[in-house]
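> give me a 3D structure for the following:
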Amino acid sequence: MTDADFTVLCCGGGNAAQVATGLFSIRYKTIAVSFYADEAAKWKAALGDEDFELTLPGGKVVKSKPHDITNDPSVAATANVILLVVPSHAHGEYFEKFAPYMKPGTIVACMPARSGGDILFSSKLGEKAKDMIFCGFETLPWACRFTEWGRKATILGTKNNILAAVSPATAKQAMAKLQGLLGVNPWVQDSPNNLGISLRNPGMIVHPGVMYGRWGPESWDGQPKDESPLFYQGVDEFTEKILIEMTDEAQAVARKAEQLVPGLDLSDACTLKQWYLDCYDGQMTDTSSLKRCMNTNAAYDGLKHPCKEVDGKHMPDLTYRYLSEDVPTGLCFAKGLAEIIGIPTPTIDKVMIWAQGCIGLEIMVDGKMTGKDLDKTRAPQGMGITTLPAFLLASKIPALLGMPEARKELVKVLSEANTSSAELNGVLRQLLPGRSEAEIEALIQASGSKSGSGIDYEKFVKFVM
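Reported below is the predicted structural model:
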């Protein structure tokens with residue numbers, strides 16, 4: 001296949017989506033797709049017969065022309081790669097609309113994936129997901145902006161490296177194709193699995209945590225401010241305490257998951273301070289504490305809290321994406337997994353309960369992830385996942401386990417979790433890919449499992465060793 005035959009769908013109409021469209025159109029058949037209102041038609045009209053102009057770092061201007069700009073999901077039938085550069089709350093809509101048309105082997109990449117993107121992908125595509133490859137990026141490759149909407153954009157800077165993970169983890173060829181799309185920079189670092197990307201998500205801690213620290217009931221009297229406070233550079237000791245407690249709770253979830261599933265590598269799910277050291281090395285003048293990392297980060301110069309002006313004063317916008325996006329598609333995932341594996345999260349709970357009131361969603365009820373709006377979040381429970389075996393299956397984690405001891409431990413977990421035959425069937429299909437459906441059903445019966453009942457560990461373990 002030549003570059004001209006390789007088809008890329010770039011989804012979205014914002015800064016990064018337009019940059020990606022302009023960049024990939026230079027070499028590949030690139031189709032821009034937007035399902036947001038009439039954005040596709042407006043973009044197509046704005047560009048007309050002209051080329052799209054992209055200014056690269058250093059000032060070089062390159063021109064290209066997307067093959068099409070459309071809101072027709074059937075174009076997914078020709079796609080080799082589908083790149084979602086849209087707000088994370090819109091991912092599900094794109095997955096659902098593309099699903100009927102996608103061909104086996106299609107790579108679907110989200111920039112960024114936020115948390116639980118791989119599980120959402122599987123839940124929306126159902127059985128068809130097993131023939132696809134999902135790639136979750138931790139962040140965008142570029143700092144960029146459009147200079148004339150729909151016609152011109154500028155790449156202000158390109159990151160040196162970014163983390164990404166594929167599901168299934170064996171589909172490493174997808175990473176090479178995505179690296180080819182992006183070029184030499186950034187270098188796409190292969191993260192072991194999408195669960196690590198999900199729990200690494202800094203936005204789920206920083207954005208709700210800083211908002212709570214400034215505007216929560218423990219620190220704000222409800223009165224307007226004379227000016228909008230600094231967001232990152234205004235982090236104080238109280239907010240730092242909230243952030244540290246939240247990141248510690250997320251770390252406890254990651255470490256417990258590694259303990260439950262030997263061989264599972266979540267090393268990329270680092271502390272918030274380590275994330276700053278990894279991503280902003282050289283831009284912070286004081287790294288002695290998390291607070292100082294944020295206060296002295298030059299990349300954050302002048303960035304303020306989202307506020308609305310009321311009678312010349314400033315009131316917080318508590319429906320801004322820092323809460324309306326980062327709670328449902330980030331923090332809910334971490335809290336949901338914590339509940340499944342039995343990790344207490346008192347500070348995350350406190351922030352979640354406050355945030356759900358701000359954004360008008362019922363997520364937690366009496367400290368549990370049982371609210372009526374769970375299906376609007378990335379919480380595993382919102383996708384029908386309430387047990388560890390079901391989570392492992394949805395995450396394709398069993399496919400990572402090549403070590404005999406890890407397999408034994410997984411079987412132990414399954415037996416203790418009173419695994420149903422349906423869940424067991426799914427796990428066996430991943431652990432024993434060479435077996436037919438009839439053979440797998442026979443193994444389930446031989447292991448002593450019946451629908452709704454557990455399995456006999458001693459009987460079952462011999463089948464997966």
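> CA atoms for contacts and neighbours, from now on please.
Will do.
> residue ranges of the strands in the stretch 301-450 of the chain, please?
Here the stretch 301-450 of the chain has its strands, by DSSP state E, counting those that start in this stretch, at 307-310, 313-316.
> so of those strands, which one's packed in deepest?
strand 313-316 (a mean of 18; mean count of other C-alpha atoms under 10 Å).
> show me what that one is packed against.
strand 307-310 (3 or more C-alpha pairs under 8 Å, 6 or more residues apart in numbering; DSSP states H and E).
> going by contacts, tell me the helices and strands next to the strand it packs on.
Looks like strand 307-310 contacts strand 313-316 (3+ C-alpha pairs under 8 Å, 6+ apart).
> show me what the strand it packs on is in contact with.
By C-alpha atoms under 8 Å, 6 or more residues apart in numbering, the residues outside strand 313-316 that reach it are 215, 223-228, 305-309.
> so Glu325 touches Ala90, yeah?
No: if you go by C-alpha atoms under 8 Å, Glu325 and Ala90 don't touch, sitting 10.0 Å apart.
> who has more neighbours, those two?
Each of Glu325 and Ala90 has its neighbours counted (other C-alpha atoms under 10 Å); Glu325 has more, 23 against 15.
> for the closest residue to that one other than its chain neighbours, give me its contacts.
Among residues not flanking Glu325 along the chain, His89 sits closest, at 6.5 Å (C-alpha to C-alpha, 6 or more residues apart in numbering). By C-alpha under 8 Å, 6+ apart, His89 lies in contact with 325, 328-329.
> in JSON lines: those, plus distance to Arg151.
Converted to JSON lines, these look like this (distance: C-alpha to C-alpha, whole Å):
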{"residue": "Glu325", "distance to Arg151": "28"}
{"residue": "Pro328", "distance to Arg151": "33"}
{"residue": "Thr329", "distance to Arg151": "31"}
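> hmm, back to that, format the strands of the stretch 301-450 of the chain as TSV; extra columns: mean pLDDT and distance to Glu138.
Shown next, in TSV, are the strands of the stretch 301-450 of the chain (pLDDT from 0 to 100; distance: least, C-alpha to C-alpha, whole Å):
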stretch	mean pLDDT	distance to Glu138
strand 307-310	96	27
strand 313-316	98	28
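> mind checking which of the ones you listed is nearest Ala257?
Smallest distance to Ala257 across the strands of the stretch 301-450 of the chain (C-alpha to C-alpha): 36.6 Å, for strand 313-316.
> tell me how far the closest one lies from the chain's centre.
31 Å (C-alpha atoms, centre = their mean, to the nearest Å).
> all helices for the stretch 151-300 of the chain, in order.
173-182, 194-200, 203-215, 237-260, 272-279, 290-295 (DSSP state H, counting those that start in this stretch).
> separation between Lys368 and Ile385?
Per C-alpha to C-alpha, to the nearest Å, Lys368 is found 14 Å from Ile385.
> tell me which of those two has more neighbours.
For Lys368 versus Ile385, neighbours defined as other C-alpha under 10 Å are more numerous around Ile385 (19 against 12).
> tell me the contacts of that one?
Here Ile385 is in contact with Phe391 (C-alpha under 8 Å, 6+ apart).
> let's see 10 Å
By C-alpha atoms under 10 Å, 6 or more residues apart in numbering, the residues touching Ile385 are 119, 336-337, 340, 379, 391-394.
> Trp215 too?
With C-alpha under 10 Å, 6+ apart, Trp215 has these contacts: 209, 221-222, 315-318, 354.
> one step back: just the helices of the stretch 151-300 of the chain: most buried one?
The most buried one of the helices of the stretch 151-300 of the chain (mean count of other C-alpha under 10 Å) is helix 194-200, showing a mean of 28.
> could you give the mean pLDDT of that helix?
The pLDDT scores in helix 194-200 average 96.
> same check, this time on stretch 72-92
97.
> again, but for stretch 28-43
In this model, stretch 28-43 has an average pLDDT of 98.
> quick one: buried residues of it?
For stretch 28-43, the neighbour count (16 or more other C-alpha atoms under 10 Å) marks 28-35, 39-40, 42-43 as buried.
> separation between the residue nearest to Gly136 when sequence neighbours are not counted and Val62?
By the measure of C-alpha to C-alpha, 6+ apart, the closest residue to Gly136 outside its immediate chain neighbours is Ala113, 4.9 Å from it. Separation of Ala113 from Val62 (C-alpha to C-alpha): 28 Å.
> which of those two has more neighbours?
Neighbours per residue, other C-alpha under 10 Å: of Ala113 and Val62, the larger number sits with Ala113, 30 against 14.
> hang on, Leu9 packs against Ala76?
Yes: between Leu9 and Ala76 there is a contact at 7.4 Å, judged by C-alpha atoms under 10 Å.
> before we move on, back to that, could you export the contacts of Trp215 to a markdown table, including columns for distance to Tyr300?
Listed next are those as a markdown table, based on distance: C-alpha to C-alpha, whole Å:
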| residue | distance to Tyr300 |
| --- | --- |
| Gly209 | 17 |
| Asp221 | 26 |
| Gly222 | 26 |
| Met315 | 21 |
| Pro316 | 19 |
| Asp317 | 19 |
| Leu318 | 21 |
| Trp354 | 26 |
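> out of these, which comes closest to Leu264?
The nearest one, if we look at these relative to Leu264 and count by C-alpha to C-alpha, is Gly209, at 28.0 Å.
> can you pull the contacts of the closest one?
Gly209 touches 203, 215-216, 239-247, 322-323, 347-348, 351-352, 355, counting by C-alpha under 10 Å, 6+ apart.
> could you list the low-pLDDT ranges of the stretch 251-400 of the chain?
Residues of the stretch 251-400 of the chain meeting the criterion pLDDT under 70: 398-400.
> per-domain residue ranges of the protein.
Annotated domains of the chain cover 3-191, 201-383, 401-461 [automatic domain parsing].
> count of residues packed around Ala4?
For Ala4, using other C-alpha under 10 Å, the count is 12.
> surely His91 touches Val85?
Yes: using C-alpha under 10 Å, His91 is in contact with Val85, at 9.0 Å.
> compare neighbour counts for these two and give me the winner.
Neighbour totals were compared for His91 and Val85, and Val85 leads with 25 against 20 (other C-alpha under 10 Å).
> which one is Met284 nearest to, not counting chain neighbours?
Asn297 (4.3 Å).
> likewise for Gln223?
Met315 (7.8 Å).
> any idea what that neighbour is bridged to?
Lys308 (DSSP bridges).
> that concludes my questions; thank you for your assistance.
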